[in-house]
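Undergrad: only the shape, not the letters, is given here:
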Ligand SMILES: Nc1ncnc2c1ncn2[C@@H]1O[C@H](COP(=O)(O)OP(=O)(O)OP(=O)(O)O)[C@@H](O)[C@H]1O
Ligand SMILES: [Mg+2]
């Protein structure tokens, strides 16, 4: 018992671990809620696209002396809107358009990054620096994540209906444009809020795995979201603590835990299906 | 937000010189005009590709007319939709069948317009869902995931959603295809009951034979309105042949094939689909004979 307690309390004796854990939980929660919609709307790639696209925004914001988060948000949202526009005006499928737009923007970001001297580490932008977050970063993350969580909680059913059957959503007079762009704005915001903690590569995992976990263990949307949030916050907690004890990188550790959880649940499900009486 | 009865003397749907063109240049509707009043069931009839589904989508505001105007209950379409006046069941549902929703959740979606911002279901909402599921005979399967149903059962769930919504105007695009005869009868009974409550129902179908059974009006459609009016005067052999051209299967039995005497009456069978339209009588004085509906 003491060993378990020590496993939890020992890391939390450190300030940087406390800050890291708060950010990990916030990021885990908002990403998990959003991932339910992304997985169901077939927008998993959209998370990928937007997160890659923020790189040039960060560099340009640095050059212009603006807050990096602002540049990241603008570039991410721009990518999502450009994808929508290009898809509507060409016969190329959405995933192909996204592939072109985000790899192009990411490449542009890399070119700029190498060209421009910034005070940022590419490693931290790509993979986050959870244990390096300052109080300011915690506040910034919370400032984005909490309103986003509130919005998702209030409009969760409308968004679910929009993902399931946009035509019916329109037919009963819901503002589908608002819901569509609301989801995209939330996605860009969430990625910006997650940058410090997990970086643009790992946030993709945070935006897909929890929703996928929720989908395989439940049959209804409400429980799916609860399971997604529990899986994500649980992984954030365990991953952060493990990273302390194993002296490993925190963001990647969280993603490893989450992915293992997903794999485990798929296997358990298969075994139960195989054992179920026919 | 419980829309009350529409005034009976004003058109519930007004379509005025409407043309609709798709992005590929196909003009699916060309200068169509008609009016429909509350408390009636109107059939929309025409060959494949005549623009029936396009007309429904235009009425719903999903397609914008290139010319002309649509008004619903005297208002713009978007305003009518906001008030939950219109329920619509498309010809085929374009949804992800693996979506984690149960049958009852889908039907509950019809009630969202009646709920507050958080979409929390009230007792009345639950009662409406129960009643709608009962009507289409899907109560027993209400806890199934939506993908775990047959094609006809899926169709019934979406019908139930429209019923639960309870709009004053109900648009049904081929609700009977893939639905068994027993359910069709149940749905028709329900449509009649809804008409008697003052609602307008517009229903497209290829089952020409059931139209005189339950519809008061008919619109014969082929890119534009070929003929529109009450069943008795408009749903005639001549009009049907104009609307369908050579597509209709057409069988006429008269003279010595039908009678041994000099009886001038004859039987005409017109069919576009599985349930034929049967006309019986003298030339131009034929009566509609509804074929026996299979008993449940
Ligand atoms: N998305 C689209 N883009 C271009 N043309 C279309 C589109 N949908 C339908 N059309 C064309 O518009 C015309 C009308 O189609 P519509 O679906 O309205 O016919 P319908 O009367 O509903 O036929 P059915 O009895 O087969 O359901 C057809 O010529 C069809 O090819
Ligand atoms: Mg059609």
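TA: Right, received. Where do you want to start? All of these numbers come straight from a predicted model, not from anything done at the bench. Ligands and ions are numbered 1, 2, ... in the order given.
Undergrad: please give the element, helix or strand, for residue 104.
TA: Reading this off chain A. helix A:94-115 (DSSP states H and E).
Undergrad: not quite, I wanted chain B
TA: helix B:103-109.
Undergrad: helices and strands around that helix, which ones?
TA: Applying 3 or more Cβ pairs under 8 Å, 6 or more residues apart in numbering or on different chains; DSSP states H and E, one finds that helix B:103-109 contacts helix A:156-164, helix B:123-135, helix B:151-165. All C-beta spots, glycine's among them, are computed from the backbone N, C-alpha and C.
Undergrad: show me what the mean pLDDT comes to for it.
TA: Helix B:103-109 carries an average pLDDT of 97.
Undergrad: which bits of chain A sit near chain B?
TA: Proximity of chain A to chain B is confined to A:40, A:42, A:154, A:157-158, A:160-161, A:163-165, A:167-168, A:170-174, A:214-215, A:218-221, A:224 under the rule Cβ under 8 Å from any Cβ of the partner chain.
Undergrad: give the ChimeraX command for selecting the buried subset of these.
TA: Those of those that count as buried under 16 or more other Cβ atoms under 10 Å in any protein chain shown are selected in ChimeraX with:
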select /A:40,157,158,160,161,163,164,165,168,170,171,172,173,174,214,215,218,219,220,221,224
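Undergrad: now do stretch A:104-117: distance to the chain's middle.
TA: 22 Å (Cα atoms, centre = their mean, to the nearest Å).
Undergrad: circling back to that earlier point, report the buried residues of the helix holding residue A:104.
TA: By neighbour count on 16+ other Cβ under 10 Å, the buried set for helix A:94-115 is A:94, A:97-99, A:101-102, A:105-106, A:108-109, A:112-113.
Undergrad: ok, now stretch A:67-80?
TA: By neighbour count with 16+ other Cβ under 10 Å, stretch A:67-80 contains the buried residues A:68-69, A:71-80.
Undergrad: can you list contacts of stretch A:91-101?
TA: For stretch A:91-101, contacts defined as Cβ atoms under 8 Å, 6 or more residues apart in numbering or on different chains pick out A:45-46, A:48-49, A:53, A:79, A:82-83, A:86-87, A:90.
Undergrad: buried subset of the residues you listed?
TA: Members of those classed as buried by 16+ other Cβ under 10 Å are A:45-46, A:48-49, A:53, A:79, A:82-83, A:86-87.
Undergrad: just to revisit the earlier point, ligand 1: which of the helices and strands packed on helix B:103-109 is closest?
TA: helix B:151-165 (14.2 Å; Cβ to the nearest ligand atom).
Undergrad: ligand 2 is nearest to which of the helices and strands packed on helix B:103-109?
TA: Taking Cβ to the ion, helix B:151-165 is the member of the helices and strands packed on helix B:103-109 nearest to ligand 2, at 13.9 Å.
Undergrad: tally of neighbours for residue 41?
TA: You didn't say which chain, so I picked chain A. Residue A:41 has 20 neighbours, counted by other Cβ atoms under 10 Å in any protein chain shown.
Undergrad: hm, I was asking about chain B
TA: Number of residues near residue B:41 (other Cβ under 10 Å) recorded here: 24.
Undergrad: which element is it on?
TA: For residue B:41, the host element (DSSP H and E) is strand B:40-45.
Undergrad: that older thread, so which residues make contact with the helix holding residue B:104?
TA: With contacts defined as Cβ under 8 Å, 6+ apart, helix B:103-109 is touched by A:161, A:164-165, A:168, A:172, A:220-221, B:121, B:125, B:129, B:132-133, B:138, B:141-146, B:149, B:157-158, B:160-161, B:164.
Undergrad: for it, buried residues please.
TA: Neighbour-count burial for helix B:103-109, counted by 16+ other Cβ under 10 Å, picks out B:103-109.
Undergrad: tell me the buried residues in stretch A:257-265?
TA: Of the residues in stretch A:257-265, those buried (16+ other Cβ under 10 Å) are A:257-258, A:261-262, A:265.
Undergrad: and whichever residue of the stretch 151-278 of chain A sits closest to ligand 1, how far from residue A:84?
TA: Proximity of the stretch 151-278 of chain A to ligand 1 (Cβ to the nearest ligand atom) peaks at residue A:167, 13.3 Å away. Remark: distance between residue A:167 and residue A:84 (Cβ to Cβ, to the nearest Å) = 18 Å.
Undergrad: what are the boundaries of the helices in the stretch 151-296 of chain B?
TA: Using DSSP state H, counting those that start in this stretch, the helices of the stretch 151-296 of chain B run over B:151-165, B:181-196, B:211-214, B:231-234, B:237-244.
Undergrad: distance between the ends of stretch A:239-256?
TA: This stretch, stretch A:239-256, spans 8 Å end to end (Cα to Cα, to the nearest Å).
Undergrad: list the buried ones in that stretch?
TA: For stretch A:239-256, the neighbour count (16+ other Cβ under 10 Å) marks A:239-244, A:249-256 as buried.
Undergrad: now those in JSON lines, with secondary structure, distance to ligand 2 and pLDDT?
TA: Converted to JSON lines, those look like this (DSSP: H, G, I helix; E, B strand; the rest coil; distance: Cβ to the ion, whole Å; pLDDT from 0 to 100):
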{"residue": "A:239", "secondary structure": "helix", "distance to ligand 2": "52", "pLDDT": "95"}
{"residue": "A:240", "secondary structure": "helix", "distance to ligand 2": "55", "pLDDT": "94"}
{"residue": "A:241", "secondary structure": "helix", "distance to ligand 2": "58", "pLDDT": "94"}
{"residue": "A:242", "secondary structure": "helix", "distance to ligand 2": "57", "pLDDT": "94"}
{"residue": "A:243", "secondary structure": "helix", "distance to ligand 2": "58", "pLDDT": "93"}
{"residue": "A:244", "secondary structure": "helix", "distance to ligand 2": "62", "pLDDT": "93"}
{"residue": "A:249", "secondary structure": "coil", "distance to ligand 2": "56", "pLDDT": "90"}
{"residue": "A:250", "secondary structure": "helix", "distance to ligand 2": "56", "pLDDT": "91"}
{"residue": "A:251", "secondary structure": "helix", "distance to ligand 2": "51", "pLDDT": "90"}
{"residue": "A:252", "secondary structure": "helix", "distance to ligand 2": "52", "pLDDT": "91"}
{"residue": "A:253", "secondary structure": "helix", "distance to ligand 2": "54", "pLDDT": "93"}
{"residue": "A:254", "secondary structure": "helix", "distance to ligand 2": "50", "pLDDT": "94"}
{"residue": "A:255", "secondary structure": "helix", "distance to ligand 2": "47", "pLDDT": "93"}
{"residue": "A:256", "secondary structure": "helix", "distance to ligand 2": "51", "pLDDT": "95"}
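Undergrad: closest one of those to residue B:52?
TA: residue A:255 (51.1 Å; Cβ to Cβ).
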